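Student: Compute the structure for the input listed below.
(one chain, ligands or ions: 1)
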Amino acid sequence: METITWPQKTRELHNHHFDSTVWNDFIFRDDDIVIATYAKSGTTWLQQIASQLIFNGIEDMEVAEMSPWIDLRVPPKEIKLPAVEQQQHRRFLKTHLPVDALVFSPKAKYIYIGRDGRDVVWSMYNHHANANEHWYHALNDTPGRVGPPIEKPPADIVEYYRDWLDKDGHPFWPFWENVRSWWAIKDLPNVHLIHFAKLKEDMPGEIKKVADFLNIEIDPAKWDAILEHCSFDYMKKHSVKSVPLGGAFWDGGSDTFINKGVNGRWKDILTKEDSERYEKMCIENLGEACANWLNTGEL
Ligand code: A3P
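Tutor: Presented below is the predicted three-dimensional model:
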């Protein structure tokens, strides 16, 4: 029998958002689900999908509260970990870490969602430009921040995009290593890759794959409700339940977070050179196969 080499944590990641050490004290259960992304790639959508599958299509669940971002350094682990320890349901946790800064458990199931980096930046700009003083306070003025504070974004989204590309993920965290690290482990039995564009193209088909991966049998009587509750329109209308802190960190509240739900908004704004630079860097940093997956969703 082939033995599996499981990923090992080789470093910690700290910045205005991260405290990767929180995972060091996390006690895994056999049926835990971990939803992973770089950021702004469909995390909240997948959390909703997981909740709908686990709870068989019921409404009005406090999904954001039930599915905390473990490596976010606020609230601190003394608050966060006892709360997830008390959960009686099948847990579905969120991470934005690259694999080598995570504690990877052979017991848990990991779903990683990817999205074209240009779409990520467009989504991130909306997230950042609409953040209010509570967001800046939580990230910049609470104990435990390592490195510089996060500053206000420039007025121009193209300047933000160029900066993100030039300084690899600035002012958030490195993009390429995140995608590369998950791509490298995609064939492990407890890892499932999904792509934002594919999820938009064929949500029923992709949800079925997620259900299979999680060993959840879909109740045919609830299938329509599950699909409805994972649709963009439904999630936008009920965003208070799915967005962190009910959207308290953003001007416009949770509606700002579940923003447009479409790809390619950069197409008429970026110059050909700006876009081609991204594509070139994508291949250089990820290799042909992974770059192709990130650009198209094709495995
Ligand atoms: P946009 O900002 O491009 O609209 P994350 O949860 O990782 O932060 O990602 C947020 C992005 O996912 C936002 O993208 C949001 O609109 C989109 N999203 C959330 N739920 C969605 C859904 N049901 N259908 C399509 N997009 C969705």
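
Student: So which residues on the chain come close to the ligand?
Tutor: Taking Cβ under 6 Å from any ligand atom as the criterion, the chain approaches the ligand at residues 37, 39-45, 122-123, 126, 230-232, 235, 258-261. The C-beta positions use only the backbone N, C-alpha and C, and glycine is treated the same way.

Student: Among those, name the ones in strands.
Tutor: Taking DSSP state E, every one of the residues of the chain next to the ligand sits outside strands.

Student: Buried by neighbour count, from those residues: which ones?
Tutor: 37, 39-45, 122-123, 126, 230, 235, 258-259 (16 or more other Cβ atoms under 10 Å).

Student: quick one: low-confidence parts of this protein?
Tutor: 1 (pLDDT under 70).

Student: Now do the strands in it.
Tutor: 33-36, 92-95, 109-114, 191-195.

Student: centre of the chain versus stretch 214-229, how much separation?
Tutor: Chain-centre distance of stretch 214-229: 22 Å, with Cα atoms, centre = their mean, to the nearest Å.

Student: swap that for stretch 44-63, please
Tutor: 15 Å.

Student: list the buried ones in that stretch?
Tutor: Buried, per 16+ other Cβ under 10 Å, within stretch 44-63: 44-55, 57, 61, 63.

Student: Repeat that for stretch 124-143.
Tutor: Met124, Tyr125, Asn126, His127, His128, Ala129, Asn130, Ala131, Trp135, Tyr136, Ala138, Leu139.

Student: Start and end of stretch 151-163, how far apart?
Tutor: The first and last residues of stretch 151-163 sit 13 Å apart, counting by Cα to Cα, to the nearest Å.

Student: hmm, I was thinking of stretch 3-16
Tutor: 38 Å.

Student: so which two of the buried residues of stretch 124-143 are the farthest from each other?
Tutor: For the buried residues of stretch 124-143, the maximum inter-member distance is 19.4 Å, found between Tyr125 and Ala138 (Cβ to Cβ).

Student: For the ligand, what's its nearest residue on the stretch 151-299 of the chain.
Tutor: Per Cβ to the nearest ligand atom, Gly261 is where the stretch 151-299 of the chain lies closest to the ligand, at 2.9 Å.
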